[in-house]
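Enquirer: sequence and predicted structure, then a few things I'm wondering about:
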Amino acid sequence: THSINVGSSGIINLSGIQYFSSLTYLSCSNNLLTNIPALPNSLIYLDCSINSHLTNLPTLPNTLIYLNCFVDSLINLSTLSNSLTYLNCGGNKLTTLPTLPNSLTYIDCHSNILNNLPALTNSIAFLDCDYNHLTNLPTLPNSLKTLYCGGNSLINLPTLPNFLTFLECEYNTTAL
């Protein structure tokens, strides 16, 4: 089995998922999960979004490229895979983010409780950090094309990348 999709199935646990040693795709979104057991080391794609009682994720496999944990109740994220390119952790209770891998091109961390962001890597093209508690942003990489940073407490923006094509920064507590 390479692919399992149990989204919107009313499940409460994933016991035994670690025994699917060739599993590359797992979608378990919109369920009643309170935890996720150890994941197979072959996993590339994980969508565990919209599990409102899920507060933590297990150690993530180094093979993971795609992680969607949007609108859970996560209070922290473990170390991210060095191969991760897509991360959506918006709508959680995160106060910090781990170090971002160099492979990351897309990050959506809006609607958390973040006071700051970690250093952004030179591969990031999309960043949505709307509605956090940010007072400043880290240096923006030249690869960044889309930036959402509204609903924070930003007073200034760092130097904008030359190839930025979309910027949204409305509703900050101080006018920019």
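Expert: Structure's in. What do you need? Residues are numbered from 1 along each chain as shown.
Enquirer: who touches stretch 62-69?
Expert: With CB atoms under 8 Å, 6 or more residues apart in numbering as the contact definition, stretch 62-69 has outside contacts at 24, 29, 41-49, 54, 57, 60, 77, 80-89, 92, 103. Every C-beta, even on glycine, is put in place using the N, C-alpha and C of the backbone.
Enquirer: go through that stretch and flag the buried ones.
Expert: For stretch 62-69, burial by neighbour count (16 or more other CB atoms under 10 Å) applies to 63-64, 66-69.
Enquirer: now tabulate the residues you listed in TSV and tack on secondary structure.
Expert: Shown next, in TSV, are those (DSSP: H, G, I helix; E, B strand; the rest coil):
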residue	secondary structure
63	coil
64	coil
66	strand
67	strand
68	strand
69	coil
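Enquirer: ok, those residues vs residue 128, which is closest?
Expert: residue 68 (13.2 Å; CB to CB).
Enquirer: isn't residue 109 up against residue 128?
Expert: Yes: the pair residue 109 / residue 128 is scored as a contact, 7.0 Å apart, by CB atoms under 8 Å.
Enquirer: what's the overlap in contacts for these two?
Expert: By CB under 8 Å, 6+ apart, the residues touching both residue 109 and residue 128 are residue 90.
Enquirer: and the two? Which one has more around it.
Expert: The residue with more neighbours, out of residue 109 and residue 128, is residue 109; 24 against 19, by other CB atoms under 10 Å.
Enquirer: can you tell me which residues contact that one?
Expert: Each residue near residue 109 by CB under 8 Å, 6+ apart is listed here: 87, 89-90, 94, 97, 117, 128-129, 132.
Enquirer: could you rerun that using 6 Å?
Expert: For residue 109, the contact set (CB atoms under 6 Å, 6 or more residues apart in numbering) comprises 89-90, 129.
Enquirer: those into CSV, with extra columns for pLDDT?
Expert: Below are the contacts of residue 109 laid out as CSV (pLDDT from 0 to 100):
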residue, pLDDT
89, 98
90, 98
129, 98
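Enquirer: and the buried ones among those, selectable in ChimeraX?
Expert: To isolate the buried subset of those in ChimeraX, counting by 16+ other CB under 10 Å, use the following:
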select :89,90,129
